[in-house]
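Novice: A predicted structure for the sequence below; I have some questions about it.
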Amino acid sequence: MNTRLFVAGTDTGIGKTHASCTLLHALRADGRRACGMKPVASGCEETPEGLRNEDALALLAAGDSRLPYASINPVTLREPLSPHLAAAHEGVTIALPPLHAAFEALCDAHDAVVVEGVGGWRVPLAPGLFASDIAREWALPVVLVVGLRLGCLSHALLSAEAIVADGCRLVGWIGNRIDPAMDAVDENIATLRELLPAPCMGILPHGVSPADAAGRLDLAVLQA
């Protein structure tokens, strides 16, 4: 069975890549040929092979793709800024058609493709183009990663509202323990379970690798 997902986050720095890699390990453990994709990445570093992004490399390592790096991360930007700013500084135009062509190539070669977004749901990529448009235009089911810290309730609920308002299907959410000292964490998780309009796929503990945390995710949620 083919699986195509868009992984959105409640903010930047809340663990989208960690959750995406955990999803990839879970999908591979389920017997699927899985790969990740980071369509647009800022904050890339120069290497002998060209510009490379840490998150995209993590996705590449967690999946089993044999396609070149550019298939996983078609748009690489040097500055660690919002993509529309980094692209403008470098004279790069970000557009959906080339990204979609790379996505289709990944789909042809894999049973599961996990597309990781940029920052939060409404991050600008170019004039009139947002990260949310990738999920909307490609009709991808959305998994929302909630960084479990103070303030996560409002961020999660507003993100879910925006996802639904854009006509996308929120299939599930993943809680990521980015703040191991968060107060009342169980009560906050219970509130998220009650108020978010999609089931929880799992809670990722702090300091546990994606490979070791993969068994904590409930992939059955994706089939509902």
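Specialist: That came through, no problem. Numbering: from 1, shown residues only.
Novice: quick one: Met182 from His155, how far?
Specialist: Met182 is 14 Å from His155, where distance means Cβ to Cβ, to the nearest Å. In this view, the C-beta of every residue, glycine as well, is placed from N, C-alpha and C.
Novice: can you check Asn176 too?
Specialist: The value you get for Asn176 to His155, if Cβ to Cβ is used, is 12 Å.
Novice: and the residue sitting furthest away from the middle of the chain, what are its phi and psi?
Specialist: The outermost residue of the chain relative to its centre, with distances by Cα atoms, centre = their mean, is Pro48 at 26.9 Å. The phi and psi values for Pro48, taken as degrees, to the nearest 10, are phi -60, psi -20.
Novice: any regions of the protein where pLDDT drops low?
Specialist: 1 (pLDDT under 70).
Novice: helices of that one, start to end?
Specialist: 16-29, 54-62, 69-72, 83-90, 96-109, 131-137, 152-165, 185-195, 210-213 (DSSP state H).
Novice: what is the second one packed up against?
Specialist: With contacts defined as 3 or more Cβ pairs under 8 Å, 6 or more residues apart in numbering; DSSP states H and E, the packing partners of helix 54-62 are helix 16-29, strand 34-37, helix 69-72, strand 112-116.
Novice: run the angle between it and strand 112-116 for me.
Specialist: 170 degrees (axes from the mean of the first three to the mean of the last three Cα atoms, to 10 degrees).
Novice: starting at the chain centroid, how far to helix 54-62?
Specialist: 12 Å (Cα atoms, centre = their mean, to the nearest Å).
Novice: which of Asn176 and His155 has more neighbours?
Specialist: A count of neighbours by other Cβ atoms under 10 Å puts Asn176 above the other of Asn176 and His155, at 26 against 19.
Novice: identify the residues contacting Ala8.
Specialist: Contact partners of Ala8, counting by Cβ atoms under 8 Å, 6 or more residues apart in numbering, are 16, 117, 120-121, 131-132, 135, 142-145, 159, 163.
Novice: for His25, that is, sorry about that
Specialist: Per Cβ under 8 Å, 6+ apart, neighbours of His25: 62, 210-211, 213-214.
Novice: now those residues: which count as buried?
Specialist: Among these, those classed as buried by 16 or more other Cβ atoms under 10 Å are 62, 210, 213-214.
Novice: can you tell me which of the residues you listed is nearest Ser42?
Specialist: Ala62 (20.5 Å; Cβ to Cβ).
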